[in-house]
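Colleague: no sequence on this one, just coordinates:
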């Protein structure tokens with residue numbers, strides 16, 4: 001089976017970011033914040049999964065819908081990382097680097113959406 005989404009740079013970025021988030025969550029030992037770790041992992045996974053699913057859709061509208069969901073999940077990750085900073089669960093400088101990665105992913109997804117919207121077919 002051909003997997004064109006695996007060649008998308010944004011898909012590769014999202015995979016790397018999801019792996020980093022998983023490692024970050026493993027380092028946060030507080031049981032009190034299990035909900036936040038779970039939410040962050042699910043949002044990071046959602047980016048990857050929605051890019052993959054969207055690439056398999058036939059209509060522009062369907063593709064755009066899944067890429068928008070992936071973009072929203074990138075923003076959700078950024079918000080969860082803000083909470084990690086506020087709750088002082090990890091080093092703020094490191095978390096800011098992660099936030100930049102998710103902001104870049106969201107921007108790349110927006111560029112994909114604009115590109116699809118401009119297509120004639």
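Modeller: Nice, thanks for sending it over. All of these numbers come straight from a predicted model, not from anything done at the bench.

Colleague: only C-alpha atoms from now on, for both contacts and neighbour counts.
Modeller: Fine.

Colleague: any weak-confidence spans in the chain?
Modeller: Applying pLDDT under 70 to the chain picks out residues 1-2, 121.

Colleague: now the helices for it?
Modeller: For the chain, the helices defined by DSSP state H cover 9-27, 34-55, 60-86, 92-118.

Colleague: how about those in JSON lines, adding distance to residue 3 and mean neighbour count?
Modeller: JSON lines is the format used below for the helices of the chain (distance: least, CA to CA, whole Å; neighbours: other CA atoms under 10 Å):
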{"stretch": "helix 9-27", "distance to residue 3": "11", "mean neighbour count": "18"}
{"stretch": "helix 34-55", "distance to residue 3": "8", "mean neighbour count": "20"}
{"stretch": "helix 60-86", "distance to residue 3": "15", "mean neighbour count": "20"}
{"stretch": "helix 92-118", "distance to residue 3": "17", "mean neighbour count": "16"}
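
Colleague: residue 118 and residue 76, how far apart?
Modeller: Remark: distance between residue 118 and residue 76 (CA to CA, to the nearest Å) = 27 Å.

Colleague: ok, now which ones touch the closest residue in space to residue 44 that isn't next to it in sequence?
Modeller: Nearest residue to residue 44, sequence neighbours excluded (CA to CA, 6 or more residues apart in numbering): residue 18, at 5.1 Å. By CA atoms under 8 Å, 6 or more residues apart in numbering, the contact list for residue 18 reads 41, 44-45.

Colleague: do the same with residue 102
Modeller: Counting by CA under 8 Å, 6+ apart, residue 102 touches 14, 17, 74-75, 77-78.
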